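Asker: predicted model and sequence follow; I will ask about them next.
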Amino acid sequence: MNRQYSPYWPGECRAAVSLTFDDGPPSQLKIAVPMLTDADLPSSFYLNPRNDYYLEKLAPWREVAKAGHEIGNHTMAHICARAFRDDPTAPGLEGLTLADIEKDIIESKRRLQQIAPEQREMSFCYPCYMEHVGRGPTRQSYVPVVARHHIAGRGKGEFPFANHASTVDLHYAWSWPAERMTGSQMVGLVEACIAKRCWGILTFHGINEGSLGVADSDFRELVNYLKVNHSRIWTAPVYKVARRILDWRKQNNIA
Ligand SMILES: [Zn+2]
């Protein structure tokens, strides 16, 4: 492609970036949201509206949605493979059916729409990046279930690549886990997206918090870089990038 910009990204942007955040730990509200809102970098936050007190517990996220960030579906139960534990009786994806996971996804989405009623579409995020139920002969992907209820789904990916607008499976978009990365490493990944006109997705958990955290100084380095480069890098929530890709594909008859 010889053009100076990519027809599928807005203006003269040469790449798209989505900053995504899982599980809603306190540091996201305290550190990440104010930094991103100040820098005008709308991002995606994937929450678990579990138990009867979800409206009360998730109340602070209403303001986050109003500030333009995406509230995304991360299921109510957040069930992963039993392989994380040495306990064959623990709840796990191995014991679920597609109907079980669909029931959770539908109710979880309904609850999150109460937190973000202004948001027209919503993306999904696979707990523990895992997109299957069952085991061995009964193992099946639940990506088609997500596709029935969401415009896009964020996974991890078989390879550490960014997503091409023409080829990405929007219901299992690839992302880079950002835990313990330095600011320079994160900026380097975004720079690689510019070279390939790609959509890069970074996955965060805590900021200065938890075993999957990044340091606030490193996070700030990335935020400042994206802010300064906003005219050539489109930073947007997952559902907005997915909508743009779908519209571009339709206009260009790309299946
Ligand atoms: Zn999670």
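Answerer: Thanks, I have it.

Asker: ranges for the strands of the stretch 51-200 of the chain?
Answerer: Under the criterion DSSP state E, counting those that start in this stretch, the stretch 51-200 of the chain contains strands at 70-73, 123-125, 132-133, 140-141, 152-154, 176-177, 199-204.

Asker: out of the ones you listed, nearest to Thr89?
Answerer: Of all the strands of the stretch 51-200 of the chain, strand 132-133 sits nearest to Thr89, with 17.1 Å by Cβ to Cβ. Where you see a C-beta, it was placed from the backbone N, CA and C, and this is true even at glycine.

Asker: what about Gly183, neighbour count?
Answerer: 18 (other Cβ atoms under 10 Å).

Asker: enumerate every residue touching the closest residue to it other than its chain neighbours.
Answerer: What sits nearest to Gly183 in space, not counting adjacent residues and going by Cβ to Cβ, 6 or more residues apart in numbering, is Glu221, at 2.7 Å. For Glu221, the contacting residues are Thr182, Gly183, Ser184, Met186, Val187, by Cβ atoms under 8 Å, 6 or more residues apart in numbering.

Asker: possible to save the strands of the stretch 51-200 of the chain as CSV with distance to Trp248, mean pLDDT and mean neighbour count?
Answerer: Below are the strands of the stretch 51-200 of the chain laid out as CSV (distance: least, Cβ to Cβ, whole Å; pLDDT from 0 to 100; neighbours: other Cβ atoms under 10 Å):
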stretch, distance to Trp248, mean pLDDT, mean neighbour count
strand 70-73, 19, 98, 26
strand 123-125, 17, 98, 29
strand 132-133, 30, 97, 21
strand 140-141, 26, 98, 14
strand 152-154, 14, 98, 28
strand 176-177, 23, 95, 18
strand 199-204, 11, 97, 24
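
Asker: filter the contacts of Glu221 down to the buried ones, PyMOL style.
Answerer: Restricted to buried positions by 16 or more other Cβ atoms under 10 Å, the PyMOL selection for these reads:
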select buried, resi 183+186+187
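
Asker: would a markdown table of the contacts of Glu221 with distance to Leu226 be doable?
Answerer: Output for the contacts of Glu221, formatted as a markdown table (distance: Cβ to Cβ, whole Å):
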| residue | distance to Leu226 |
| --- | --- |
| Thr182 | 16 |
| Gly183 | 11 |
| Ser184 | 14 |
| Met186 | 10 |
| Val187 | 9 |
